[in-house]
Every structure is written in structure tokens, then in C-alpha cells.
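Q: Predicted model and sequence follow; I will ask about them next.
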Amino acid sequence: MSEKKNIPSDMIAFPERNKTNHHEELVLVNKRLAQQIEERKERAAELIIANKELAFQNKEKEKRAAELVIANSELAYQNQEKEDRAAELVIANKELTFQNKEKEKRAAELVIANTELAYQNREKEKRAAELLIANAELAYQNQEKEDRAAELVIANTELAFQNKEKQKRADELSIANSELLFQNKEKEKRASELVIANTELAYQNQEKEDRAAELVIANKELTFQNKEKEKRAAELVIANQELAYQNKEKEKRAAELLIANTELTFQNNAKEKSAAELILANNELEAFTYISSHHLQEPLRKIQVFSNRIMTDEHQNLTEKGKFYFDRIEVSALHMRALINDLLTYSRTSVTEKKFENVNLNEIINSVLEDLQKEIITKKAVIEISGNCKAHIIPSQFHQLICNLVSNSLKFSTKEKAPHITIESVYTKPKTKKNKSSADYCHIIVSDNGIGFEPQFESRVFEMFQQLNNKTDYKGTGIGLAIVKKIVENHNGIITATGKLHHGAKFDIYIPVV
């Protein structure tokens with residue numbers, strides 16, 4: 001709309017001047033009036049073009065809004081798919097854990113079986129050694145028996161020889177008795193020889209009895225040794241049967257272990273395939289979120305640019321209701337920009353390179369407080385820092401984590417009292433239900449005296465787009481704490497939230513030191 005210009009009074013009034021000057025002034029006024037009419041036509045043409053462009057932009061805006069609705073629906077579907085994939089991965093991890101436990105049990109059973117087999121092999125070797133000793137002893141005893149039998153044969157031969165000698169002696173005695181009368185001297189000699197022969201015969205009979213007694217003892221000992229040998233042979237047969245049974249059991253165990261290993265290999269391959277598919281899906285989803293967020297920034301930027309133009313050029317021409325609607329458009333555009341930026345931040349926590357460094361946490365906390373200094377001063381907040389921990393972290397992501405938590409405490413403070421925020425860091429060994437590790441952790445506690453929240457919402461505060469309070473009183477996107485949880489998970493840590501309505505909130509974070 002062209003600007004209305006006032007014609008100076010000295011151009012339309014007709015004072016008493018000379019006719020020449022009056023004519024020149026009138027010509028000048030006519031020229032200026034023609035020029036203003038021309039400028040007004042140009043303004044009207046520009047306004048028509050602007051209205052056409054605004055109508056075109058409104059159509060584009062409606063198309064973009066429809067595309068945004070479709071994109072949001074698709075994003076919600078993809079998030080649902082991601083949750084389903086995550087649930088499947090959790091189930092697969094549980095199944096793999098169970099299978100690993102089964103595998104460990106099988107391995108333990110195999111170790112026990114191998115130990116038992118080794119023990120039995122040693123027992124078998126001992127039995128074999130004992131059997132060798134028994135066989136050697138039996139061979140020795142058989143040899144002794146043969147020696148005893150040979151001695152007995154010799155003794156019997158000698159006894160037969162002695163009996164023959166005795167017979168001869170008896171014959172000679174008969175001859176001597178016959179010749180006794182005639183040969184007294186010979187008789188005495190023969191009598192003396194007979195005494196000697198009888199003595200020797202008695203000695204030989206005693207020797208024969210001793211040999212017979214030894215032979216009886218040797219036979220008894222040989223019988224006992226044969227029985228022992230039979231017992232040893234029976235024990236060896238039993239041991240061989242038991243060893244054969246154990247070998248069969250070992251073969252069965254080995255076959256079961258082979259089947260279990262084959263099944264475990266198949267399951268591991270299936271798990272790796274599922275994990276690869278899940279990683280690919282997550283990467284695609286993160287890439288889609290990252291790229292779509294960037295593409296959404298362009299129409300949003302145009303909306304804000306043209307809104308600023310309308311605010312500058314046409315705001316005075318709008319009705320009160322139009323101004324109210326226009327203000328709501330600007331607020332929604334700002335909310336959408338914040339939402340897109342938070343989505344970009346959330347996606348960057350996964351796609352950016354993870355470079356871990358050993359950093360003093362107080363340095364990051366002080367840097368965050370410098371960034372939020374203006375808001376801290378505005379809210380007259382009191383912030384206390386205690387502890388001096390170092391941890392193996394990603395500095396940029398941890399800066400975002402602390403910034404989100406402190407901003408959250410400042411935003412959800414009460415009007416009755418100034419915000420009081422404490423940040424504490426200590427070394428500890430957490431033994432929660434989720435983590436029973438004995439490793440060193442850095443425990444970070446961030447607590448405030450804000451509005452807090454109901455205890456039943458402790459698990460929901462970290463979910464995407466969760467806003468537990470009135471959006472009018474506390475503006476936000478509901479992504480800040482989801483980003484915090486994502487960063488903690490990137491550090492293999494744990495985060496928990498506890499709160500009480502109107503009594504503040506507390507966040508406990510456990511980050512591995514190494």
C-alpha cells in the first residue's frame with residue numbers, strides 16, 4: 001500500500017502573488033501530483049504481486065505442512081519399527097546369553113568328563129602296571145614251581161637210588177649175616193657200615209619229608225597265586241569293560257558337544273545377521289532423521305523470513321485476531337526450529353565420531369556454566385560444585401549432557417524460590433540391579449529444588465517427546481533428557497532419575513573411569 005503524502009499548503013493555496021509565479025507553482029504541483037499518482041500505481045502493482053506471492057507461499061506452506069505430517073507419521077512408524085527391532089535384539093541377546101550358559105555347562109561337563117577319563121586312564125595304567133607286576137610275579141612263581149618240581153624229581157630220583165642202595169645194603173646184610181659166624185670181623189665191619197648206612201638213610205628220609213613239606217607249601221602258594229591271578233584277570237576284564245563304556249560315553253559327549261557347537265555356530269551366525277540388519281536399520285533411520293531434519297530447516301526458514309516481512313510491512317493492517325493467529329504462527333515456527341535442532345542433536349549423538357579422552361569433569365561443568373551464565377544470572381540461581389573426578393568420555397557429548405541437565409533444572413524451577421542446583425562427582429563401584437560390576441565408576445549427581453515430578457514417571461522422563469508438565473508454562477520439545485540418556489549409553493554408563501512433586505529432582509549418572 002502506497003504511503004499517503006500531504007501536499008504542502010503553500011502549493012494549494014492561492015495567495016496573492018504574481019501570475020507567473022502562480023502558474024509555475026501550479027505546474028510544479030501538477031507534476032508532483034502526477035508523480036505521486038504514478039508511485040501509487042507502482043505500489044498497487046507491487047501489492048498485487050506481493051499478494052500473489054503470499055498466496056503462492058501459503059499454498060507452498062500448506063504443501064510443506066502436509067509433507068511434514070507425512071514425514072512425522074513415517075518417523076513415528078520408523079521409531080516403532082526401531083523399538084520392535086530393539087525388542088527383538090533384546091530377545092536375541094537373552095537367547096544368546098542362555099545358549100552361552102548352556103555352552104558353558106556343556107564345556108564344564110566336558111571338562112569333568114575329560115578329567116574323569118584322564119583319571120580312569122591313569123587307573124587303567126595303574127591296573128595294567130599291577131597286572132604286569134602280577135604276571136611277572138606269576139611267571140617267577142611258575143619258575144619257582146618248576147624249580148621246586150625239578151628238585152622234587154631229583155629228590156625222588158635220589159630217594160629211589162637210596163632205596164636201591166638200601167636194598168643192596170640189605171642184600172649185603174643178608175650175606176653178612178650168613179657169613180657172620182664165619183666172618184666175625186667182617187660182621188663187625190658190616191655192622192659198623194650198617195649203622196652208618198642207617199644213619200644216612202634216616203637223614204635222607206628226613207630230607208625227603210622236608211622236601212615233601214616244601215612241595216606242599218609251594219603247591220598251596222601256587223594255588224593262591226593262581227586264584228590271585230584269576231582275580232586280577234577278572235578285575236582287568238571289568239576295568240576294560242568300564243573303560244569301553246566310558247569311551248562310548250565320551251564319544252556320545254563329543255557328538256553332543258559337536259551338535260551343540262554346530263547349533264551355537266548357527267545361532268551366532270543368525271544373531272550376527274540380525275545384529276547387522278538392526279545396525280543397518282538404525283543407520284538408515286539415523287541418516288533419515290539427520291537428512292530430513294536438514295531438509296525441514298529450509299521451508300521453516302522461509303516461513304520465518306516471510307513472517308518477519310509481514311511483521312515489518314503489514315502488521316499494522318492486521319486485525320487483532322489476525323495478529324493473535326500470526327503470533328501463534330511465529331511461536332509454532334520457533335517451537336519447530338527447537339524441535340528440529342533437538343532432533344539433529346539426538347541424531348548426532350549416534351552418527352558423530354566417538355573420540356574418548358581422559359578429561360576432568362569440572363572443566364566441562366565450568367564451561368557449561370559459562371555458556372548458561374546469562375540465564376543463571378536472570379534466574380538468580382545458586383550452583384554448587386563438589387568433587388574432582390576424571391573419566392574416559394567424549395568431551396563434546398558430555399558438554400551437551402551437563403548443559404541439558406542444568407538447563408532442565410533452570411527451566412523447571414519454581415517462582416517462589418531461586419533455583420539451587422548441586423553437581424557432585426565421586427568415584428564409586430555401583431552394585432545396582434542393572435550393573436553388579438566391581439569396576440571403578442565416576443558417580444555424577446545433579447540435583448535441584450525445582451518442581452520435581454511424580455515417582456511413577458521416573459522411567460518415562462527419558463523417553464522421546466515426553467513432557468510431564470503444561471506446555472504453556474514450561475516450553476520444550478521433550479527430547480533433552482532422551483539426548484542425555486543416549487549420551488550416557490554411548491559411554492556404557494547408567495542414568496537414573498528420582499523425584500518428588502514440588503521437592504525437586506535428582507539424576508544419578510555412572511560413567512566408567514577407563
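A: Nice, I can see it. Residues are numbered from 1 along each chain as shown.
Q: next helix or strand past the longest helix along the chain?
A: The helix that spans the most residues within the chain, counting by DSSP state H, is helix 19-178. Next helix or strand after helix 19-178 toward the C-terminus (DSSP states H and E): helix 184-313.
Q: Check which helices and strands that next one is in contact with.
A: Using 3 or more Cβ pairs under 8 Å, 6 or more residues apart in numbering; DSSP states H and E, the elements in contact with helix 184-313 are helix 19-178, helix 320-351. (Glycine included, C-beta is placed from N, CA and C.)
Q: so which of those helices gets nearest Ala381?
A: Of all these, helix 320-351 sits nearest to Ala381, with 21.4 Å by Cβ to Cβ.
Q: rank the helices and strands packed on helix 184-313 by pLDDT, which is bottom?
A: Of all the helices and strands packed on helix 184-313, the minimum mean pLDDT falls on helix 320-351 (a mean of 72).
Q: ok, then the element right after that helix?
A: Moving toward the C-terminus from helix 320-351, the next helix or strand (DSSP H and E) is strand 357-360.
Q: Buried residues, that next one. List them.
A: Val359 (16 or more other Cβ atoms under 10 Å).
Q: so Val382 makes contact with Ile423?
A: No - using Cβ atoms under 8 Å, Val382 is not in contact with Ile423, being 11.7 Å away.
Q: got the contact list for Glu256?
A: Glu256 makes contact with Arg106, according to Cβ atoms under 8 Å, 6 or more residues apart in numbering.
Q: Check it and give its pLDDT.
A: Glu256 carries a pLDDT score of 91 in this model.
Q: Repeat that for Thr498.
A: pLDDT at Thr498 comes out at 87.
Q: would you say it is within a helix?
A: No - assessed with DSSP: H, G, I helix; E, B strand; the rest coil, Thr498 is strand; it does not lie in a helix.
Q: Centroid-nearest residue for the protein?
A: The centroid of the chain falls nearest to Asn93 when counting by Cα atoms, centre = their mean (8.7 Å).
Q: Give me the distance between that residue and Glu81.
A: Distance of Asn93 to Glu81, computed by Cβ to Cβ, to the nearest Å: 18 Å.
Q: Asn308 too?
A: Taken as Cβ to Cβ, the span from Asn308 to Glu81 is 39 Å.
Q: How about Ala218?
A: Ala218 is 94 Å from Glu81, by Cβ to Cβ.
Q: which of the two has more neighbours?
A: Taking other Cβ atoms under 10 Å, Ala218 and Glu81 do not tie; Ala218 has more neighbours (18 against 12).
Q: residues in contact with that one?
A: 144-145, 148.
Q: try 10 Å
A: Ala218 makes contact with 141, 144-145, 147-149, 151-152, according to Cβ atoms under 10 Å, 6 or more residues apart in numbering.
Q: Buried subset of those, written for PyMOL?
A: This is how PyMOL selects the buried members of these, with burial counted by 16+ other Cβ under 10 Å:
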select buried, resi 141+145+148+152
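Q: Relative to Pro512, which of the contacts of Ala218 is nearest.
A: Among those, Gln141 lies closest to Pro512 (Cβ to Cβ), at 74.6 Å.
Q: From Ala92, how far out is the closest residue in space to the closest one that isn't next to it in sequence?
A: Among residues not flanking Gln141 along the chain, Gln225 sits closest, at 4.9 Å (Cβ to Cβ, 6 or more residues apart in numbering). Taking Cβ to Cβ as the measure, Gln225 falls 68 Å from Ala92.
Q: With Glu193 instead?
A: To Ala92, Glu193 is 114 Å away according to Cβ to Cβ.
Q: What of Glu60?
A: As judged by Cβ to Cβ, Glu60 and Ala92 stand 46 Å apart.
Q: what do you get for Gln400?
A: In terms of Cβ to Cβ, Gln400 sits 31 Å off from Ala92.
Q: So which of those two has more stuff around it?
A: Gln400 (22 against 16).
Q: I'd like the next helix or strand past the host helix or strand of that one.
A: Applying DSSP H and E as the criterion places Gln400 in helix 395-411. Scanning forward in sequence from helix 395-411 by DSSP H and E, the next helix or strand is strand 420-428.
Q: looking just at contacts, which helices and strands does that following strand meet?
A: Here strand 420-428 touches helix 361-371, strand 382-386, strand 390-393, helix 395-411, strand 441-447, strand 505-512, going by 3 or more Cβ pairs under 10 Å, 6 or more residues apart in numbering; DSSP states H and E.
Q: what about those, which gets the closest to Phe324?
A: Here helix 395-411 is closest among the helices and strands packed on strand 420-428 (Cβ to Cβ), at 25.4 Å.
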